[in-house]
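Enquirer: Sequence plus predicted model, see below.
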Amino acid sequence: MNPQRSSARIRQVAGAAVVVAALMTTAACGGGGDKGKDGDKSGGKGAGFNAATGDKIANPSTKAGGTLKMISKQDLDSADPQRQYYGMAWDFSRFYSRQLVTYAAKPGNASSELVPDLAKANGKISNGGKTYTYELKDGIAWEDGTPITSKDIKYGISRIWAKEAITGGPTYLKQALDPKGEYQGPYKDKTSDGPKGIETPNDKTIVFNLATPNVDFEQMLAMPAGSPVKKEKDTGAKYQLKPFSSGPYKFESYAPKKSISLVRNDKWKKETDTVRAALPDKITVTINSNMEALDKLLIKGDYDVDMNGTGLTQSGRIEALKKHKDNVDNIQTSFTRYVDMTPVAPLNNVACRKAVVYATDFKSLQEVRGGEEAGGPLATTMLPTTIKGYDDYDPYGVKARGGKPDVAKAKEQLKACNQPDGFSTKISARSNNPGEKETAEALQQSLKAVGIKAEVEVIDGAESQSITGSPKVVKERKIGLIMTGWGPDFPTGQGFSQPLIDGRFIAPTGNYNGSETNDPAINKMFDDALKATDPDKAAEFYKQINHKTADIAAQMPFLYEKNFSWRSSRLTNVYSSTAYNGRYDYASLGVVK
Amino acid sequence: MTAPLHDTSPDADKAAPADVAADVAKKSVEGRSLRQIAWTRLKRDKLALAGGIVVVFLVLVALFAPLIVSLLGHPPDEFHQDKIDPLFGVAKGLDDSMFAGVSSDFLLGVEPGNGRDVFSRIVYGARISLLVAFLAAVVAVVLGTVLGIVAGYFGGWIDSVISRVMDMLLAFPQLLFIISLVSVLPGDLLGMTGSSVRIFILVMVIGFFGWPYIGRIVRGQTLSLREKEYVEAARSLGAGRAYILFKELLPNLVAPITVYTTLMIPTNILTEAALSFLNAGVKPPTASWGQMLSKAINTYESDPLFMIAPGLAIFITVLAFNLFGDGVRDALDPKGTR
């Protein structure tokens, strides 16, 4: 025995333990060290809890000046209006791009109304719903002072066809105007002057001729994809680095994935624009991919609002609600959390699908996601409450049971499905989607009670398009239940439901009709809805589609998502816009200083 | 024990004069086998012994997890959402005390969101950690020993090929490889489903990337051993290759192999935890320490205990194995001073 050596080792280990403990303590202090002194920079109190939700406007103001400081966990998918698909990018692009029609600058559901923007009035519809005619306003100008013409709008829209350079944006307008894809886009086709469906008889008039009537055509024009682009300023794929402004702000600088800075466009005239308040002198966006750190900076008062607009993280939510409740809004989004039931046996049998619905503990799923407030109210059908056609249809009595499962009925359905002892299946959940795995585990747990053995398969969120988005892979991997969520591209039944449940939208990859429902009755109702002459008549069809979808239990919606958004004390004119999925209407925001 | 040749009387020690007794004692020290020397050394090393006791304790915990949990906890998958404040997603009352969720019913509190018993999940998590670490070590040892002995004994092109393969594997980014492998491989494999598939993959891959470490040591030892006289003797007596490899060489490699196996297990535990942390480990709801840590990131400020519990479990396990492994190495080291 060598006592010196042994005790020396004991001392070494003890020393190492002290170092580790010291490191851990330091890290813990770094996490919570700024307690008690936050919120000082914001200069005052917030406007109150939920002051900017529903139809309310927090700190209404018309006072101009100051810098609006935004922060975001991710950059815009693109700054090029024809290439944007992220909801937050559509909201942000209101600062620098205008369309013929756009969403009203009103709080809550009133924001879904389409109002004229570059056009003098909403479209004149003729030819049985196939022709839309617009007259442009006077005095509308580009950032170099030249007038915005109908040809600029046509050119901007024609870029959607140029898929070799203009990637990423929605293609609704292309589908409506040229479903066969005859036009090749402005870069390949130098001879014609754009797609046949668009005519510009003069600089102030633009006429759209649709292949088939579509009641939501104006919704498509209101997307940033319907923005004008000046041909001489178009740099193709590089246009996104410095888009030419038609709105109240222009790009001062843009460092992708780092920062954006917008300054006033002095050629924009307030009297031509009834929508954009244009209050701040300057708008900055800082990208910070660390979501927890981002929340801390917001709470500290360094920034005014999260541009990404998907709500505070769990830790940010706890701190904000405990110490700064007046700066928090509990916002109802247009997002539905749901489970797709795929045709993987035995879920191809409607009774088995119903068994899943009856066996699911909706309350448990809701609580895992944060309960009524942080998660959202229980959903009984797919359509969000903010979309026309929604009603409180509840064929499985979920709400009547308070979200609790009905084991007896579930077992009854299992018998009807010839699986009296239950069956085995898989639930997919995306790894990068906060809470999705935990929700899948809760579903797994409730299904276990009736003998349905569900295995949770965590998939890489970035690859979901080629896994759950591919019916072939879904079949191979035997994924019966897909945990997912969906928000509308535009606030109508077509914009929300059609990609999810119309059988003609089933695609080999990037498929969103996860249940692979191809029901002729549903498909026909979509056709009828599109041909409807006004949105209210179309809504009647969407309601029927919504009921029918629930009856066949193709999907199992469980939550209308809510989130907690931070609104700095400096912010004025803040309200939640249904048209932008519950985000604040960025174009209306102002700041105190 | 090799008995001293002239020590015929059981009372020799007591009866003999002092100088004879000293002589006998010296002889009996010389006569002890390697195993005995090692055991004596190990017994004297307090840290190694403590490590060893913790290791045995952990193995028992893992083996008797269902019994322990039925006595002191709840089933590891059972939800207790009544314990959770849904708005904040953590145990009720964590404002006032970081031990809010802890009670005689829930020894280490409840998991955020679903209220599962953290104690039960830690206990069950030990099973996964140890199972994967042990089995992966077995795979690595078997592959490493066989290939190392073959490379060292035969030399030539066989040695070159095996050595280059080892170099390649040591340079391979194994974490990235496993993560992509897990997302590519189907959920069902060779008739297995669920977590057993993942455990199988983890064991195979961690073991496969671990064998070169053992392989190199064994090859080096074999290189020096094969020139020894007793090997020469066996060869000249006409012993077959297999006999020389496994009867003459292998018994002399047991010491280094034992040392590196005990030191490999803690590394494997950390690899398994890292992979589970990155969602490439066992599937939910199977409990694993790495997954608990990964989930705890969301709530570490409001519920630090949920991060500390699995963190400490990994820390203690790895430390215990390392101390024990260190002790075994010191004890088996032929050049050891003790």
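Expert: Received it, and whenever you're ready, just let me know what you need.
Enquirer: show me what contacts the residue of the stretch 1-150 of chain B found nearest chain A?
Expert: Of all residues in the stretch 1-150 of chain B, the one sitting closest to chain A is residue B:86 (2.9 Å; Cβ to the nearest Cβ). C-beta: built from backbone N, CA, C; applies to glycine. By Cβ atoms under 8 Å, 6 or more residues apart in numbering or on different chains, the contact list for residue B:86 reads A:366-367, A:370-372, A:374-375.
Enquirer: can you tell me which of the residues you listed are in helices?
Expert: Applying DSSP state H to the contacts of residue B:86, the entries found in helices are A:366-367, A:371-372, A:374.
Enquirer: Just the buried ones among those residues, please.
Expert: A:366-367, A:371, A:374 (16 or more other Cβ atoms under 10 Å in any protein chain shown).
Enquirer: Including pLDDT and distance to chain B, could the contacts of residue B:86 go into TSV?
Expert: Listed next are the contacts of residue B:86 as TSV, based on pLDDT from 0 to 100; distance: Cβ to the nearest Cβ, whole Å:
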residue	pLDDT	distance to chain B
A:366	95	8
A:367	94	4
A:370	91	6
A:371	92	3
A:372	92	8
A:374	91	5
A:375	93	7
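Enquirer: Ramachandran coordinates for the residue of the stretch 1-150 of chain B closest to chain A?
Expert: Reported as degrees, to the nearest 10, the phi and psi values for residue B:86 are phi -60, psi -30.
Enquirer: distance of it from residue A:433?
Expert: 19 Å (Cβ to Cβ, to the nearest Å).
Enquirer: swap in residue A:173?
Expert: Per Cβ to Cβ, residue A:173 is found 29 Å from residue A:433.
Enquirer: Look at those two and report which has more neighbours.
Expert: Taking residue A:173 and residue A:433 together and counting by other Cβ atoms under 10 Å in any protein chain shown, residue A:173 has the greater number of neighbours (25 against 16).
Enquirer: per-residue pLDDT, that one?
Expert: pLDDT for residue A:173: 95.
Enquirer: That one - nearest residue in space that isn't next to it in sequence?
Expert: residue A:220 (5.1 Å; Cβ to Cβ, 6 or more residues apart in numbering or on different chains).
Enquirer: residue contacts, that neighbour?
Expert: Residue A:220 neighbours (Cβ under 8 Å, 6+ apart): A:170, A:172-173, A:176, A:214, A:226, A:490.
Enquirer: just residue A:70 next, same as before
Expert: So residue A:70 contacts A:283-286, A:303-307, A:586 (Cβ under 8 Å, 6+ apart).
Enquirer: In three-state terms, label it for me.
Expert: The three-state label given to residue A:70 by DSSP: H, G, I helix; E, B strand; the rest coil is strand.
Enquirer: Quick check: which element contains the spatially most central residue of chain B?
Expert: For chain B, the residue nearest the mean C-alpha position is residue B:265 (2.3 Å; Cα atoms, centre = their mean). For residue B:265, the host element (DSSP states H and E) is helix B:250-277.
Enquirer: packing partners for that helix?
Expert: Helices and strands touching helix B:250-277, by 3 or more Cβ pairs under 8 Å, 6 or more residues apart in numbering or on different chains; DSSP states H and E, are helix B:118-154, helix B:174-184, helix B:195-225, helix B:289-296, helix B:304-332.
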